[in-house]
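based on what follows, work out the 3D shape:
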Amino acid sequence: MAPKPKADPKRRGLKKSAVGPSPSAVDRHWAALLFGLFLIALALRLAWALKAHVTPWGDSAEYDELARNWMATGQFGRPGAWAWRTPGYPAFLALVYRLFGPEVRVAMVAQAGLGAVTCLLVALLGARAAGRRVGLTAGALYAVSMSSILYTPFTVSEHVAIPLALGALLCLSRVESVGRHAIPWAALSGALLGAAVLARPAALFLAPVWIALVALKLPLRRLVAPAGAICLGAFVVLSPWLIRNVRLGLGPTVSTIGGFDLWMGNHDGATGGWDSKAVWTWTGSHPEAEQDRIWLRTGLDWMRRHPGQYGELCLRRLWRLALAPDSYLAIWSWPTSRNDYVQSIYVRRAPGLTDEIAHDAIMARARGERVLGAIRWLVAPLTLVAFVVALKRWREYAMVLLPLGTYVTAIVLTVAQPRYREMLGPFCVILIASLLDCVPAAWRRARDARRLPERT
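So this is what the prediction gives:
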């Protein structure tokens, strides 16, 4: 019996598209899924923001104070620390306070909305890198991410920096496919990256990634114009801040905290991250810009003179990023007013601190660290395996692998805190989603391989 002729692939494709859903129906279904994802992420974050009791402390209190002073005086910063913090996140807080009232709870609700938007951006970036199924899975993972939800009540700059950086990456991903419209998308990507730097200066570590991604996507003859547009967009956003700092005698600097951070993470007795002893023992006595340069030179000189200790600190920072529980979250992981009262007194060593309050604060932190530490021991190995698997298709995953690898390297070489990994969360969940997407296909291949000898 003659074998049945195979159908023409072109005809088979036409027949399939004729009976399948139309592109508009698929797009409507995708939009509905994204909207549902947004609502779930928003509901989870709003519930925590409205339930949790978190009194601003540390960086949170400083950002809150900067925003309120800016509203009251019309001037950003304070004498001796004019560029210690960048204005991006305080500007967001000041805008929220101006529109809805100067209450921290209002900022918490606004940050719940930003978290839901970030969840959408994660889904879109994952879909851009590896398809809509991976994007939807990544968005779902980020929607229920405990650290992302727990950070909602904290007034910290990641709330603004993360969606800006993801938006910049999404705009950059359009550069290859839009032809003559590539230049506006590249300029917008640079502008969003510049805004992310104004929100969190550590986003500056990602700047080389943008040029590298364009170089991977475009031939050399088409590279110059988009790369120039990225730089121009970033410069337009950053230039008012840089000019202001020059007029204040600080030079064209983004922030004067960089030298201090480098020194704090690299000196005798350093732990690799936040060192409260270093903060209180050396506050600096020189003008702001000069003190920043002194801290920078001192940190670099120590790294040069102690290569062995510096290597150990880098390994410690890598461990801290990967596995250490975030004590900042652990302290306020129980959303009661009693816990907020106890922790606020304990961390500030405020009047009224008793042995009972200290005991309650320590035990609450220990409980939070146990839960968060268990989650890290689950997530970190998954991320590592997903990273290695994605390397096989590194060109497709370049917009995820390059930012992740660059940021981790920069933090490991300088100073690391568990909180710093919040910038990495979106990229990690995309890689984990891609790994989970590979599992069913790998299982089917293994099953077919086992069945093949039986058939023969």
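
now A270: how far from V117?
37 Å (C-beta to C-beta, to the nearest Å). All C-beta spots, glycine's among them, are computed from the backbone N, C-alpha and C.

helix or strand right after the helix or strand of the chain with the lowest mean pLDDT?
Ranking every helix and strand in the chain by mean pLDDT, DSSP states H and E puts helix 9-19 at the bottom, with a mean of 42. Next along the chain after helix 9-19, taking DSSP states H and E as the criterion, comes helix 23-51.

check contacts around L198.
Contacts for L198 (C-beta atoms under 8 Å, 6 or more residues apart in numbering) come out as 86-88, 237-238, 241, 254.

tell me which of the residues you listed fall in strands.
Assignment to strands by DSSP state E places none of the contacts of L198 there.

now stretch 199-212 - C-alpha only, PDB.
Output in PDB follows, covering the C-alpha atoms of stretch 199-212 (Å, rounded to 0.1, in the frame of the first residue of the first chain):
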ATOM      1  CA  ALA A 199      15.300  57.100  41.800                       C
ATOM      2  CA  ARG A 200      18.100  54.800  42.800                       C
ATOM      3  CA  PRO A 201      21.700  55.500  41.700                       C
ATOM      4  CA  ALA A 202      22.600  51.800  41.700                       C
ATOM      5  CA  ALA A 203      20.600  51.600  38.400                       C
ATOM      6  CA  LEU A 204      23.700  53.300  36.900                       C
ATOM      7  CA  PHE A 205      25.300  49.900  37.000                       C
ATOM      8  CA  LEU A 206      22.800  48.900  34.200                       C
ATOM      9  CA  ALA A 207      23.800  51.600  31.800                       C
ATOM     10  CA  PRO A 208      26.400  49.600  29.800                       C
ATOM     11  CA  VAL A 209      23.800  46.800  29.400                       C
ATOM     12  CA  TRP A 210      21.600  49.100  27.300                       C
ATOM     13  CA  ILE A 211      24.400  49.600  24.700                       C
ATOM     14  CA  ALA A 212      25.300  45.900  24.800                       C
END
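
which positions within that stretch qualify as buried?
By neighbour count on 16 or more other C-beta atoms under 10 Å, the buried set for stretch 199-212 is 199-207, 209-210.

surely L431 and F387 touch.
Yes - when contacts are counted by C-beta atoms under 8 Å, L431 is listed as touching F387 (5.7 Å).

what touches both of the two?
401, 404.

so which of these two has more stuff around it?
L431 (27 against 21; other C-beta atoms under 10 Å).

need the three-state assignment for that one.
The three-state label given to L431 by DSSP: H, G, I helix; E, B strand; the rest coil is helix.

number of nearby residues for the nearest residue to it once chain neighbours are set aside?
Excluding the flanking residues, the one nearest L431 by C-beta to C-beta, 6 or more residues apart in numbering is A386, at 3.8 Å. Applying other C-beta under 10 Å, we find 22 residues neighbouring A386.

I'd say A386 and V429 touch.
No - A386 is beyond contact range of V429, at 9.5 Å (criterion: C-beta under 8 Å).

A270 and V117 - which one has more neighbours?
A270 (21 against 17).

next one: the residue nearest to the more buried one when sequence neighbours are not counted from F260, what distance?
Once flanking residues are discounted, A270 sits nearest to L313: 6.2 Å by C-beta to C-beta, 6+ apart. Going from L313 to F260 by C-beta to C-beta gives 16 Å.

measure the nearest residue to K51 once chain neighbours are set aside to G425 for me?
In space, and not counting its chain neighbours, K51 is closest to P335: 4.9 Å by C-beta to C-beta, 6+ apart. Plainly put, P335 is 21 Å away from G425 if you go by C-beta to C-beta.

looking at those two now, which is surrounded by more residues?
The neighbour comparison of P335 against G425 (other C-beta under 10 Å) goes to G425, with 21 against 17.

dihedrals phi and psi, the more buried one?
Dihedral angles of G425 (phi, psi; degrees, to the nearest 10) stand at phi -50, psi -50.
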